[in-house]
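1. Pasting the sequence and the predicted coordinates here, then a few questions.
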Amino acid sequence: MIGQLVCYLEAGAQGATLSEQVHDSVGATLGEVQREMERIELQAPLKQLKRILDSLSGSEAAVYGALRQRIVHLHERIIDDLEERVFICIPDEVAEFYRQAAPLFDSDVENKFPQMSEDISEAGKCLALCRPTACVFHLMRIMEIALQHFGTAVGVTLVDEKVWQVILDQINAAIKKMDAKQPKTKAYTAAASHLYNVKVAWRNEVMHPKQTYTLEEAKKVFDNVKTFTGDLAGLI
């Protein structure tokens, strides 16, 4: 935007006074530039921009050449500041995992298990930033909360249990004692089935992530944890 503004002023006559129309247009554009620089905290360029805006609002008529030179200096300061920043490009196909304009898990999960929210958000961001192993660690924290709730719902204690098969065995044994004709029993059975899918996606007998995960593996764990927590939210 600054580069375009410099080119625009290049077309003006050296030493000529800005017309009222050009003056207003430059002021509006610099206002947009200011908001963007404040958003990304470019401190030194903001000081230079304030000088330019002060000159535009002063009593003396703004001159093309002088204004152009000030904006060139502003442009240089922006470039200097941005050269110290690191920018990350996120592919379109995973951008929503980072933006999170809508809940990454079902809204019921966010409402009924608010203590999961931070880890759900971080798991999504880790996927978007190609940090699959970190993503699975956040999903593990989500599952620890989910299993406590599921265990409570079916009448077993799973807080200290870390072996997947033992967890599944205890849950399935508790469900078998329930009335198979009851709708809730069927819902518990479906949730247990999805819990098995989480275990398979985890690919670890103990409920701890393995040393490293690929993006494909992390996405599979993410999807299965999302499905299981969605089932669980419908039961609680």
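-> Okay, I see it.

2. what comes up buried for stretch 112-122?
-> Buried residues in stretch 112-122, counting neighbours by 16 or more other Cβ atoms under 10 Å, are found at 112, 113, 116, 117, 119, 120, 121, 122. C-betas here are computed from N, CA, C, even on glycine.

3. Next, check those residues against the helices and list the overlap.
-> 112, 117, 119, 120, 121, 122 (DSSP state H).

4. okay but the first one is in contact with residue 231, surely?
-> No. Applying Cβ atoms under 8 Å as the test, residue 112 and residue 231 come out as separate, 11.9 Å apart.

5. need the helices for this structure, in chain order.
-> Under DSSP H, the chain gives helices at 2-10, 20-39, 43-57, 64-82, 95-99, 107-112, 117-128, 132-154, 164-176, 183-202, 215-235.

6. returning to what we had before: which one of the buried residues of stretch 112-122 sits closest to residue 35?
-> Nearest to residue 35 among the buried residues of stretch 112-122 is residue 121, at 26.1 Å by Cβ to Cβ.

7. Which residue, other than its chain neighbours, is closest to that closest one?
-> Leaving aside its chain neighbours, residue 121 sits nearest to residue 100 (6.1 Å; criterion: Cβ to Cβ, 6 or more residues apart in numbering).

8. gap between the one you found and residue 169?
-> 36 Å (Cβ to Cβ, to the nearest Å).

9. can you list the domains in this protein?
-> 2-82, 93-235 (automatic domain parsing).

10. quick one on the thing from earlier: now do the phi/psi pair for the residue nearest to residue 121.
-> The phi/psi pair for residue 100 (degrees, to the nearest 10) reads phi 60, psi 50.

11. Quick check: closest non-adjacent residue to the residue nearest the centre of the chain.
-> Central residue of the chain (Cα atoms, centre = their mean): residue 98, 3.0 Å from the mean position. In this structure, residue 98 finds its nearest non-sequential neighbour in residue 128, 3.7 Å apart by Cβ to Cβ, 6+ apart.

12. burial count for the one you found?
-> Residues near residue 128, counting by other Cβ atoms under 10 Å, number 20.
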